[in-house]
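# Using only what follows, build the 3D model:
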Amino acid sequence: MIGRLPLDEQLGFLISTLSRNETLLEVLDRTTAMNPPSWYLTAGCLFQTVWNVVTGIPPAEGIKDYDVFYFDDRDLSWEAEDQVIRAAAATFADLPAEVEIRNEARVHLWYEQKFGVPCAPYTSTEAAIDSFAATTCCLGVRLEPDGRWRVYAPHGLSDVFGLVVRPNHVLAPRAVYEAKTERWRQQWPELTVLEWPVAT
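Okay, here's the model as predicted:
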């Protein structure tokens, strides 16, 4: 019952659990060397590693990609972001999983076209993490230059360890939440997925 431990102990378990995923550690190390501004490794690769370990599955099983968010509002051109994407492609080329790196300062330029709802410009990487479709997804980690783990978890860690998925109404529409949770249930049937609330 890790989710019922004090938060500092949960943090210790989070780091030790994520450290069992060798690909994840490699992504952290290599992104630390790249050092894009205000970066975090975030979303599925984190909570899905925890779900795998909690349910007795190999730590990296079924994780389709590793998302790195960074924030650089000095140049919002596609060319500037693409330069970082190309550098990352070379950095991670030999890893056994896709690593996707994106500048969250640019998300408002394409989000509505892709998801059908407008997105106000983010002010930070943390603000972008806050807007994931499920609160369980709102998690980011990075390594500081001294090797210390920095963890951003605005909704805590209890649900992550407890296999509970809650909708997050900040931005993503209901259809996105339901599509993601349907896919997750197939791989982790132990999940408790809370329904998207219906307006009354």
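
# Please identify the buried residues of the helix or strand of the chain with the lowest mean pLDDT?
Lowest by mean pLDDT, DSSP states H and E among the helices and strands of the chain is helix 111-115, with a mean of 88. Of the residues in helix 111-115, those with enough neighbours to count as buried (16 or more other Cβ atoms under 10 Å) are residue 111. Backbone N, C-alpha and C define where each C-beta goes, glycine included.

# after that helix comes which helix or strand?
Sequence-wise, the next helix or strand downstream of helix 111-115 (DSSP states H and E) is helix 125-129.

# In contact with residue 180, which residues?
The contact partners of residue 180, taken as Cβ atoms under 8 Å, 6 or more residues apart in numbering, are 133, 134.

# pLDDT score for the most centrally placed residue in the chain?
Against the mean C-alpha coordinate of the chain, by Cα atoms, centre = their mean, the closest residue is residue 43 at 1.5 Å. Note for residue 43: predicted pLDDT of 91.

# Quick check: the residue lying closest to residue 62 once chain neighbours are set aside vs residue 112, distance?
Spatial nearest neighbour of residue 62, excluding adjacent residues (Cβ to Cβ, 6 or more residues apart in numbering): residue 187 at 5.1 Å. Between residue 187 and residue 112 the computed distance is 30 Å (Cβ to Cβ, to the nearest Å).

# what do you get for residue 44?
Spatial separation of residue 44 from residue 112 under the definition Cβ to Cβ is 23 Å.

# ditto for residue 1
Residue 1 is 42 Å from residue 112, where distance means Cβ to Cβ.

# And the strands in the protein, which stretches?
40-42, 65-70, 98-103, 140-143, 149-152, 164-165, 192-193 (DSSP state E).

# Give me the neighbour count for the closest residue to residue 13 other than its chain neighbours.
Setting aside the residues directly before and after it, residue 13 is nearest to residue 2 in space (Cβ to Cβ, 6+ apart), at 5.0 Å. A total of 17 residues lie near residue 2 under the criterion other Cβ atoms under 10 Å.

# For residue 184, which residues are in contact?
165, 191, 193.

# Between these, identify the one with the most neighbours.
In terms of neighbours by other Cβ under 10 Å, the contacts of residue 184 top out with residue 165 at 25 neighbours.
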